[in-house]
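Participant: My questions concern the predicted model and sequence given below.
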Amino acid sequence: MTTRLEDNFRPSDRKNLATRGVHSVTDLFRFFPRRYLVPGERTELGALPLGETAIIQAEVITVSTRRMKQRRGTITEVVVHDGRQSMKIAFFNQPWLEKALSPGLTVVFGGKVESYRGQLTLASPVWLNRTEDDHDWTPDDLDSPFPIYPAVKKIAQSRLWSAIKTLLSVAGPEEFADPLPKGLRDKHDLPDLRTALEDMHKPRRIEDVERARLRWKWEEALALQTEFASRKASFAAVQATPLLTRGPKSRRFDESMPFTLTPSQVRVGEEIAEDMGRDQPMHRLLHGDVGSGKTLVALRAMLTAVDSGAQAAMLAPTEVLATQHFHSIQSLLGEQMALSPLLSEDDQVTVALMTGSMAARERRELALDLATGTIDIVVGTHALLSESTMFESLGLIVVDEQHRFGVEQREAMRAKGGVTTPHTLVMSATPIPRTVAMTVFADLDVSTLTEMPAGPKDIATHVVPIVDQPNWFARARALMRETIEAGRGVFVVFPRIEPTDIEDPETGAVIGQKQGIEDLSRKLEDTPELKGARFGLLHGRMSTGEKDRVLKDFRDGDIDILVSTTVIEVGVDVPRATMMVIAEAENFGVAQLHQLRGRVGRDGSAAMCFMLTELSETDESYARLQAVAETLDGFALAEYDLDSRGEGDVLSASQWGGSSLRHLSILRDSEIVAEAKTVAEQIVEVDPTLEAVPALKAFIRRVLPEDDAHFIEAG
Ligand code: ADP
Ligand code: MG
């Protein structure tokens, strides 16, 4: 017996192990049981609880495999007997079980109790046979928990188990080099790596498993935070140009601004200014609820750059948004700053927009202006990232909507700073729960806007179950009429552009059609309440020019009802809009609904939002809509969302999508995450390249995706 996978498994088995991510002995050691069968939990065949999980121990009497008639595949039927009674158990598409479960063996089965043709049975149970091949089996084992591994094709559980146990006993110290520092283990009473692995694969008591599990969480939290801390350290090792705070343009802007900054805008502005004044690049995340005034904060930061003779770029995910930001920046700057012919060139702030749909000649001219420093602030889409875009001196990059930009794109922007690296401010359109900020965004410093400039918003939000409550729907239409008559704008939001087929989930046959956005628009136009209203249509398949025109008409009051897809989701600012109707609202997520709703009542007027759905109050997704209707607090909704959607979605929306963090829950383990952060910072401070902690370094490479490793080197 050696400690190579090759010497313990045949090539065909190794291939099957590889599909489970097991390529080495190290991987095999970390191939943990899915669950454990705990002795004493065993049930007699005569007393099986229908609908619940049960564990039985019984002898195999007969086993036979046949092809299924209706469906493709095989069925293996095993008849077992526990000394008093017998039971038939069926396994699908595992014909090899016929050999593994031979008559005469005593096997432990665990699974959900179901009734099949009047007989109780276990549905596709996990099973384990303790006698076969089990060299270091001792009578003691009978009382300790049985590990049940995730199924690996053609490898019986017992063989997997005995291979792991044997390898654990012969593996050398290099397999047990511990990524967790001893001090940390001692402090939290965590088992060392070897003990924890043994606790997982051959626990004496189920408590051993729990103790070990805590350790896996710590490992992952420390890996994540150490990675972030070393990124931060590598950012810090890079030169940035310190940008003056509050030069003449910033001062003039603050004086001419038509409103007073909220206390959070002041505080966050100071945090940013302090960062930008350093000779290390800022990496800061700015977040706050919809309407909390992030754009103004970003603009003040950009003016700081301009005051220091540098340029600023704002990167937006879509053309609509880029255009929108461009217009709001221009209007925030106003005549005193940007447009007045009375201003000398030195006093002016020049702002430009760059998008992919610009004419080639225009774009070349703009590129020249950027390269010569004629333009101070540029707002744009991905076009800003292209190689042909160069800056005379880029001092600050504002990235709107972090998650839609990949690491590489941020990297491309950063490279445009020339000799020094630009400062970066990342804006999130929606608030980010603290736990997420601490994990997914932990390489950034975080600034939070906690108040709304106009005070708390007033958007009366209602869920309208159109099937169950048709009269509510009629009331909503009447309110649309009233809103239009008051000279206000109404958004109607719809989840799709084209009609789509509805398929029968069983047969795949087309059984109907869901309407497209134009069908909906026509239907509304024919609604008696809405006769004579002026309709506009907006969706992502229109050209930028068309979209701009429609939005302008809506803003100017030449369109009453704008029927739109989610292109209006983020940032679109139409102050006269006071009502939103979201059709088929169940298609949208919580954050999205909240963001959409933020489009109305922008001028401080009381506003309304109706979320239409065919669902009934008893449907599960209805609760989500109800949650949005019940609060206007974006932070509360962000927490709710995280809680109900689960973190898989949160992580996959981030750059950690490819990570293999399996034990740490960013929701429930926030205390571990927070303490790991402190420990990681201490480690990185004295040992930035992690020379002294090779096991931790290796573990980080193991669990965090390659892409990000590349990022560290580039950073
Ligand atoms: P968001 O954080 O959603 O991006 P915006 O930056 O679009 O919010 O700001 C929402 C609205 O509030 C804008 O019309 C903006 O001009 C206005 N605003 C921002 N800051 C203030 C302030 N301190 N006082 C009054 N209005 C403000
Ligand atoms: Mg905004």
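Facilitator: Nice, thanks for sending it over. Residues are numbered from 1 along each chain as shown. Ligands and ions are numbered 1, 2, ... in the order given.
Participant: drop to CA atoms for contacts and neighbour counts, all remaining ones
Facilitator: Fine.
Participant: could you pull out the helices for the stretch 1-150 of the chain?
Facilitator: 11-18, 25-29, 97-100 (DSSP state H, counting those that start in this stretch).
Participant: packing partners for the shortest one?
Facilitator: For helix 97-100, the packing partners by 3 or more CA pairs under 8 Å, 6 or more residues apart in numbering; DSSP states H and E come out as strand 53-67.
Participant: list the buried ones in the strand it packs on?
Facilitator: 53-63, 65 (16 or more other CA atoms under 10 Å).
Participant: so which of the helices of the stretch 1-150 of the chain is the most packed in?
Facilitator: Highest mean neighbour count among those (mean count of other CA atoms under 10 Å): helix 25-29, with a mean of 18.
Participant: How about residues contacting that one?
Facilitator: By CA atoms under 8 Å, 6 or more residues apart in numbering, the residues outside helix 25-29 that reach it are 3-5, 21-22, 164, 167-168, 175, 197.
Participant: Can you tell me the number of residues neighbouring Q469?
Facilitator: Under the neighbour criterion other CA atoms under 10 Å, Q469 is assigned a count of 12.
Participant: Can you report phi and psi for it?
Facilitator: phi -130, psi 70 (degrees, to the nearest 10).
Participant: I'd like to know how many residues surround R284.
Facilitator: Neighbour count of R284, defined by other CA under 10 Å: 21.
Participant: That one: what secondary structure?
Facilitator: For R284, the assignment made with DSSP: H, G, I helix; E, B strand; the rest coil gives strand.
Participant: just use 23 as the starting number from now, easier for me
Facilitator: Okay, residue one is now 23; in that scheme the one you just asked about reads as R306.
Participant: I figured it hits A459, correct?
Facilitator: No. Using CA atoms under 8 Å, R306 is not in contact with A459; the gap is 11.3 Å.
Participant: Give the intersection of the neighbour lists for these two.
Facilitator: Joint contacts of R306 and A459 (CA under 8 Å, 6+ apart) are V468.
Participant: For whatever helix or strand T505 lives in, list the C-alpha coordinates in CSV.
Facilitator: Following DSSP states H and E, one finds T505 within helix 492-507. C-alpha atoms of helix 492-507 as CSV (Å, rounded to 0.1, in the frame of the first residue of the first chain):
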residue,chain,number,x,y,z
PRO,A,492,-59.7,41.3,-10.8
ASN,A,493,-61.2,44.3,-9.1
TRP,A,494,-57.8,45.4,-7.7
PHE,A,495,-56.5,45.2,-11.2
ALA,A,496,-59.3,47.5,-12.4
ARG,A,497,-58.5,49.9,-9.6
ALA,A,498,-54.9,50.0,-10.7
ARG,A,499,-55.9,50.8,-14.3
ALA,A,500,-58.1,53.7,-13.0
LEU,A,501,-55.2,55.0,-11.0
MET,A,502,-53.1,54.9,-14.2
ARG,A,503,-55.7,57.1,-15.8
GLU,A,504,-55.7,59.5,-12.9
THR,A,505,-51.9,59.7,-12.9
ILE,A,506,-51.8,60.6,-16.6
GLU,A,507,-54.5,63.2,-16.1
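Participant: Tell me the residue of the stretch 323-472 of the chain that sits nearest ligand 1?
Facilitator: A451 (6.5 Å; CA to the nearest ligand atom).
Participant: That residue contacts D422, doesn't it?
Facilitator: Yes. Using CA under 8 Å, A451 is in contact with D422, at 7.4 Å.
Participant: what sits up against the one helix or strand M460 maps to?
Facilitator: Assigned by DSSP H and E, M460 falls within helix 456-461. Residues from elsewhere that reach helix 456-461 (CA under 8 Å, 6+ apart): 246-247, 468, 688-689, 692, 695-696.
Participant: which strands and helices sit next to the helix of greatest length in the chain?
Facilitator: Ranked by residue count, the top helix of the chain under DSSP state H comes out as helix 228-258. Contact partners of helix 228-258 among helices and strands, from 3+ CA pairs under 8 Å, 6+ apart: helix 215-223, helix 692-708, helix 716-725.
Participant: ok, now with 6 Å
Facilitator: With contacts taken as 3 or more CA pairs under 6 Å, 6 or more residues apart in numbering; DSSP states H and E, helix 228-258 sits against helix 215-223, helix 692-708.
Participant: Distance from it to the middle of the chain?
Facilitator: Distance of helix 228-258 from the chain centroid (CA atoms, centre = their mean, to the nearest Å) equals 19 Å.
Participant: For the next helix or strand after that helix, the averaged confidence score.
Facilitator: For helix 228-258, the following helix or strand on the C-terminal side (DSSP H and E) is helix 270-278. Helix 270-278 shows a mean pLDDT of 89.
Participant: One more: stretch 389-398?
Facilitator: 93.
Participant: what does the domain assignment say about this protein?
Facilitator: Taking automatic domain parsing as the reference, the chain has its domains at 61-166, 270-299+313-451, 481-653.
Participant: weakest of the ones you listed in terms of mean pLDDT?
Facilitator: The bottom spot among these, by mean pLDDT, belongs to domain 61-166, with a mean of 80.
Participant: So which residues on the stretch 423-572 of the chain come close to ligand 1?
Facilitator: Selection of the stretch 423-572 of the chain residues close to ligand 1 by CA under 6 Å from any ligand atom yields 475-476.
Participant: in the helix or strand harbouring K574, what counts as buried?
Facilitator: When elements are assigned from DSSP H and E, K574 belongs to helix 566-578. By neighbour count with 16+ other CA under 10 Å, helix 566-578 contains the buried residues 566, 569-570, 572-573, 576-577.
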